[in-house]
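Q: please work out how this folds:
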Amino acid sequence: MASKATRLRALALYKELHRLGRDYEPSYDFHGKLRRLFEKNRNLSDDEEIEKALRFGEYIKNETLALYSLRKYRHLKRMYPSNSVSDT
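A: Numbers count the residues shown, from 1 in each chain. Just a heads-up that it's a prediction; the model follows:
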């Protein structure tokens, strides 16, 4: 059975992913997929399996943050075109 600390960690991860999903493309159904993934793993009882699922959730969070950073970088790059003239 999962400990209270593990449960709180899973809830915090869910809330953080849910907040990140607000900025995601609506056609992807981020919140629906997130909910189905957490519901699928709701009945895990082995500590190793729970830890593996939490690590996977952290991986998803990091990848989503990386995608957002890349999107912001690309947007800024389009706003400020580079000069092709060099000062040599």
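Q: going forward, measure contacts between C-alpha atoms and count neighbours the same way
A: Fine.
Q: any stretches of this protein with poor pLDDT?
A: For the chain, applying pLDDT under 70 flags the ranges 1, 84-88.
Q: what about the longest helix in it?
A: In terms of residue count, the longest helix belonging to the chain (DSSP state H) is helix 47-79.
Q: just checking, what packs against that one?
A: Counting contacts by 3 or more C-alpha pairs under 8 Å, 6 or more residues apart in numbering; DSSP states H and E, helix 47-79 is packed against helix 4-21.
Q: mind listing what's buried in the helix or strand just after the helix it packs on?
A: Using DSSP states H and E, the helix or strand that directly follows helix 4-21 along the chain is helix 30-40. For helix 30-40, the neighbour count (16 or more other C-alpha atoms under 10 Å) marks Phe30, His31, Leu34, Phe38 as buried.
Q: picking up where we left off before, centre of the chain versus the longest helix of the chain, how much separation?
A: How far helix 47-79 lies from its chain's middle: 4 Å, per C-alpha atoms, centre = their mean, to the nearest Å.
Q: go on, stretch 6-20?
A: For stretch 6-20 - counting by C-alpha atoms, centre = their mean - the centre lies 10 Å from the chain centre.
Q: neighbouring contacts of it?
A: Residues from elsewhere that reach stretch 6-20, judged by C-alpha atoms under 8 Å, 6 or more residues apart in numbering: His31, Leu34, Phe38, Leu54, Gly57, Glu58, Lys61, Thr64, Leu65.
Q: if you count neighbours, what's buried in it?
A: Neighbour-count burial for stretch 6-20, counted by 16+ other C-alpha under 10 Å, picks out Ala10, Leu13, Tyr14, Leu17, His18, Leu20.
Q: what's the closest of the residues you listed to Leu70?
A: Leu70 lies nearest to Leu20 out of these, by C-alpha to C-alpha, at 14.5 Å.
Q: check contacts around the residue nearest to the spatial centre of the chain.
A: Note on the chain: the residue nearest the mean C-alpha position is Lys61, at 2.5 Å, using C-alpha atoms, centre = their mean. Each residue near Lys61 by C-alpha under 8 Å, 6+ apart is listed here: Glu16, Leu17, Leu20.
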